[in-house]
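# Let's see this in three dimensions:
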Amino acid sequence: MEEIVSIFIRSIFIDNMVFAYFLGMCSYLAVSKTVKTSFGLGVAVIFVLGITVPINYIIENYLLSEGALSWLHPGFAGLDLSFLTFIMFIATIASMVQLVEMFVEKFSPALYASLGIFLPLIAVNCAILGGSLFMQEREYANIVEATSFGLGSGVGFFLAIVGIAAIREKIEYSNVPPALRGLGITFIITGLMGIAFMSFLGINL
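Reported below is the predicted structural model:
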């Protein structure tokens, strides 16, 4: 249980997708103009990462990796389908994003309209694919650990995008130099937030 909590906390604060690896910056910068739209996208990312990482864990360990198909027949013990990893991971992500898009369009048309093209673009968001690839690289012991990592990564992205959106709403009323207005000041604030999140590296989990 402690290991699961440790993975969850680390993926939120220490291995934050935005501030530690600068993944998903396109959606992070484009959608973070208002807290409302950022909140909606953040929740969608939590859902997609929380579902796709464990599904891709199952696909990786029971279908693609060398010897993964031995449960099907001993003759498949030497079969290695790892070259299909990217295709299978992206197919899983695209399917889940389509599900989220249909759900948001059905129950929150206003949010669907405000997110625009960036909702379906979650499918090619490097933070989403990065979650599955980090899961593969770190070789988590079981699906519970993989799920904890996926949810934690989603929460980390959520905190990052909602935090920057709240700051961007506030600085609309600030005297920002004309040359830095828009993305310029956003990049500076993102760098400062990244430095702030680096302080969590001292946590001994």
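# Distance of the closest residue to Pro54 other than its chain neighbours relative to Ile46?
Once flanking residues are discounted, Pro54 sits nearest to Thr147: 4.4 Å by Cβ to Cβ, 6 or more residues apart in numbering. In short, each C-beta sits where N, CA and C put it, glycine included. Counting by Cβ to Cβ, to the nearest Å, the gap from Thr147 to Ile46 is 12 Å.
# Look at these two and report which has more neighbours.
Thr147 (22 against 19; other Cβ atoms under 10 Å).
# Just say helix, strand or coil for the more buried one.
In the three-state summary, Thr147 is assigned as helix, counting by DSSP: H, G, I helix; E, B strand; the rest coil.
# hang on, isn't it packed against Asn56?
No: taking Cβ atoms under 8 Å as the definition, Thr147 is not a contact partner of Asn56, at 11.0 Å.
# Please point out which parts of the least confident helix or strand in the chain by mean pLDDT sit buried.
The weakest-scoring helix or strand in the chain, judged by mean pLDDT, DSSP states H and E, is helix 109-115 (a mean of 81). Of the residues in helix 109-115, Leu111, Tyr112, Ser114, Leu115 count as buried by neighbour count, 16 or more other Cβ atoms under 10 Å.
# Where does pLDDT dip in the protein?
The model of the chain has pLDDT under 70 over residues 204-205.
# and the very next helix or strand once past the least confident helix or strand of the chain, what does it pack onto?
The first helix or strand that comes after helix 109-115 along the chain, using DSSP states H and E, is helix 126-138. Contacts defined by 3 or more Cβ pairs under 8 Å, 6 or more residues apart in numbering; DSSP states H and E place helix 126-138 against helix 35-59, helix 85-107, helix 143-171.
# hmm, try it at 10 Å
helix 25-31, helix 35-59, helix 85-107, helix 143-171 (3 or more Cβ pairs under 10 Å, 6 or more residues apart in numbering; DSSP states H and E).
# what residues are up against the residue of the chain most remote from its centre?
For the chain, the C-alpha lying farthest from the average C-alpha position belongs to Gly75; by Cα atoms, centre = their mean, that distance is 37.2 Å. By Cβ atoms under 10 Å, 6 or more residues apart in numbering, the residues touching Gly75 are Leu69.
# Tell me the residues that contact both of Thr147 and Asn56, please.
Met135.
# contact partners of stretch 1-14?
For stretch 1-14, the surrounding residues in contact (Cβ under 10 Å, 6+ apart) are 15-17, 19-20, 49, 53, 131, 134, 138, 140-142, 144-160, 197-205.
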